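# I would like the atomic coordinates for the input below:
(2 chains)
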Amino acid sequence: MSISLSDVRRIASLSRIAVSDAEAEATRVQLSRIFSLIEEMQAVDTSGIAPMSHAQEIVLRLRSDTVTETDQHEAFQKGAPQVEAALYLVPKVIE
Amino acid sequence: MFNSSLKELSAQLADRKISSVELTREFLKRVDELNPVLNAFVTVDPEASLDQARIADAMISSGRAGPLTGIPVAQKDIFCAKNWVTTCGSKMLSNFVSPYDAHVIERFNAAGAVNLGKTNMDEFAMGSSNETSFFGPVKNPWDIKAVPGGSSGGSAAAVAARMAPAATGTDTGGSIRQPAALCGISGIKPTYGLVSRYGMIAFASSLDQGGPMAKSAEDLAILLNAMAGFDKRDSTSLERQPEDYTRDLEQPLAGLRIGIPKEYFAQGLSPDVEKAVQAAISEYEKLGAAIVEVSLPNTRLSIPVYYVLAPAEASSNLSRYDGVRYGHRSANYRDLAEMYENSRAEGFGSEVKRRIMVGTYVLSHGYYDAYYMQAQKLRRLIARDFAESFEKCDVIMGPTSPSTAFDLGEKGDDPVQMYLSDIYTIAVNLAGLPGMSIPAGFGDNGRPVGLQIIGNYFSEAKMLNVAHQYQKATDWHVRMPNI
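Numbers count the residues shown, from 1 in each chain, chains lettered A, B, ... in the order given. Have a look, this model is predicted:
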C-alpha cells in the first residue's frame, strides 16, 4: 500500500519528528513497504470477535487516595536539559 | 570457572574457594578482553560492581547468602539502575543517569547479586539483530561476521562468550528467545505479568516482558526465582502465590505430550534448522514424550498484527522523549514545536522513527478501527489457536528462528525482511504466553540453532523441567565458541 509525501508530512507532524525534504521520499518508501505488510490483515473477517488487549482477565487495581510519593525533584532534575527554581525551562509559547 | 553453572559458582563462594570480589574481577577482566571485539557491553563500572561484590562477601560471611549472592549478572541496558547510565541503546538516553532502580534491579540487589555492567541492545528494543544500537552492533561470539540476534543481543553475546555467567533480557516479539537461539544459549520469556516492568524502559506495554538469559535451564530457574514477583508499581503485575521455579526440574518426562505446529515446519524454514529441531524432537521421544500434531492457523497473521500493535504502543510510550525533562535536547530550535521535532529527529535512529510513525498512523483518526482495532481482534484469534492446541498437548515445540544467525548488514535497507524472521516468536507475546529457547545444535555454517518451547500460562516450572531433562541428555548447552 502506497502512501503519499503529504501523508508522510502529516504523520511526521503528529509524531513530533522532523523529517527533512531529503529524507521524506526514503521515509515514504520504507513506510509504504511496512503498510503493505500490514494490509494482509485487512482481508480477515473479524465480525463478532472482541478485541483483546490483555491475556488475563484482570481489572486495573485501585489504591486509596493518599500521598505516597516523596519530593525527590533534586535527584530527578539533576540530568535535566534546563532547570531553574525547580522548573523545567522550555521555549515560550506565544499564541 | 567461566563455564561453571550458577549452582557451582554459588558453592565455590559458600566454600570460600573464591570471593565475590575475586569472581567479579575475573569476569570484569574477561569483559575487558572481549568487549572490544564483541561490543556486548555499553557501560562497565568496575568500582560499582566491586562495591556490590564486597557487600555480597559480607552477606556470605555472615551466613545470609542466597543462590545468587556474589554472582555477577549482566543487565540489559533497558533496566534503569540507580546511578548507572541507562541508554536503552539510544542517543536519546546516551547521557541519562538513572535516579532509581527498576524492580528487577532491586530484586537482584536484594539477592546480593553483582551488576556486572549494562549490555548493548537494539535501540529501544526495536530490532532482531542488535544492529540498530546507537553504540554500534554486537557481534555473534560464534562468528563475528554474524549478528547475535536482538534486541537482547548484548546479553546473549555476553553469556555465550562467557563474559557473564548470567544476564537479563526483555522480550516483546522474541527479543530474549531469538538472540538466545542465535548465540547458542538458553533464555526464557515468562508469562506476561510475572516480571514487573517498573523501571524497564517501555517499548510496547502489553507485550514487553523481562526474563533471564543463561547457559542452562537450571540457571534460568534460579534467576527467574529472583526476577518474578508482584510489584504494585506495575499496574499489569500479577498478584499470585510466589513459586519456586526449580521445584520440578527433575521430573521425568514420560507421558509428556509435545505439540508440533504444522505451520512452523512449512515454507521459509531453513533445512539445516529443521534438521536440528527434528533431531531434538526425536531426543524428546527417547526421553518418553509423545508427539502430537497441532495447528496454529493464524501464525502468518501474527506478523502484521504485531507490526500494528507494537508500533502503536511504542508511539505512545516514546512520546515522553521530548527533550524537556531528560534525554537529548536539540541545540537547534526556534520554538517549542521545533524543540520537540528536532530533539526527537536527532535522538532517535531510523528504525525507531519508522515504528513511531507507523504507530501514529494506525492510531490516527480514520485509521484506528481499520488497523488497531482489527489487530486487537486478530490477537484474540491468535491466542485462541494456542488455547485450543493446549487442550491436546502440554508444551509446543518448534524452531525459534527460521534460520541461523545472518551476517551483519545482510538484511540491509528493507525493514520488512527483518520483521519476517520473527514468525515463530511473535505470536507468543501477542497471546501473553511463556516461551523459551534452548540450544539444539548447529546449522550448516556452524552457527547455533535454537529449539523453542512454548507453554501454557504460568507453566514455567514445567517448561524449565522439559528443557532441563533435554540438557541432561545432550551437551549443546555446554558448547562454547572459540573466542
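# OK, contacts around the residue nearest to the spatial centre of chain B?
Residue closest to the average C-alpha location in chain B (C-alpha atoms, centre = their mean): B:Ile176, at 2.1 Å. B:Ile176 makes contact with B:Ser152, B:Gly169, B:Thr170, B:Gly187, B:Ile188, B:Lys189, B:Gly211, B:Met213, B:Ser437 under the criterion C-beta atoms under 8 Å, 6 or more residues apart in numbering or on different chains. C-beta coordinates here come from the backbone N, C-alpha and C atoms, glycine included.
# tell me the residue of the stretch 151-300 of chain B that sits nearest chain A?
B:Tyr192 (5.4 Å; C-beta to the nearest C-beta).
# got the phi and psi for the residue in the stretch 1-150 of chain B that chain A sits nearest to?
Across the stretch 1-150 of chain B, the shortest distance to chain A (C-beta to the nearest C-beta) belongs to B:Pro99, at 4.4 Å. Main-chain dihedrals, B:Pro99, degrees, to the nearest 10: phi -90, psi 0.
# try the one 3 residues further on
Dihedral pair for B:Ala102: phi -60, psi 160, per degrees, to the nearest 10.
# please name the nearest non-neighbouring residue to it.
Leaving out its chain neighbours, the residue that sits closest to B:Ala102 by C-beta to C-beta, 6 or more residues apart in numbering or on different chains is B:Gly199, at 2.5 Å.
# pLDDT score for the one you found?
Looking at B:Gly199, its pLDDT is 98.
# find the nearest non-adjacent residue to residue 4, please.
All of this refers to chain A. Spatial nearest neighbour of A:Ser4, excluding adjacent residues (C-beta to C-beta, 6+ apart): A:Arg28 at 7.4 Å.
# actually it's chain B I care about, not the one you picked
Nearest to B:Ser4 is B:Pro165, by C-beta to C-beta, 6+ apart, at 7.0 Å.
# ok so, going back, which one of the contacts of B:Ile176 has the most neighbours?
B:Ser152 (38 neighbours; other C-beta atoms under 10 Å in any protein chain shown).
# touching, that one and B:Gln75? I think so.
No: the criterion here is C-beta atoms under 8 Å, and B:Ser152 misses it with B:Gln75 at 10.8 Å.
# give me the secondary structure label for residue 42.
You didn't say which chain, so I picked chain A. helix (DSSP: H, G, I helix; E, B strand; the rest coil).
# chain B, not that one
Going by three-state DSSP: B:Val42 is strand.
# other SSEs contacting the helix or strand harbouring B:Ala48?
In the assignment (DSSP states H and E), B:Ala48 maps to helix B:46-61. Here helix B:46-61 touches helix B:20-38, strand B:114-119, going by 3 or more C-beta pairs under 8 Å, 6 or more residues apart in numbering or on different chains; DSSP states H and E.
# show me the contact partners of the next helix or strand after that helix.
Later in the chain than helix B:46-61, the nearest helix or strand by DSSP H and E is strand B:72-76. By C-beta under 8 Å, 6+ apart, the residues outside strand B:72-76 that reach it are B:23-24, B:27-28, B:40-41, B:49, B:53, B:81, B:105, B:108, B:113-119, B:121, B:152, B:154-155, B:158-159, B:163-170, B:210, B:223.
# ok, B:Leu363 touching B:Ala312?
Yes: contact criterion C-beta under 8 Å: B:Leu363 and B:Ala312 qualify, at 5.2 Å.
# number of residues surrounding residue 26?
By default, I'm working from chain A. 13.
# not quite, go with chain B.
Quick note: B:Glu26 (other C-beta under 10 Å) scores 14 neighbours.
# for it, what are its contacts?
B:Met1, B:Phe2.
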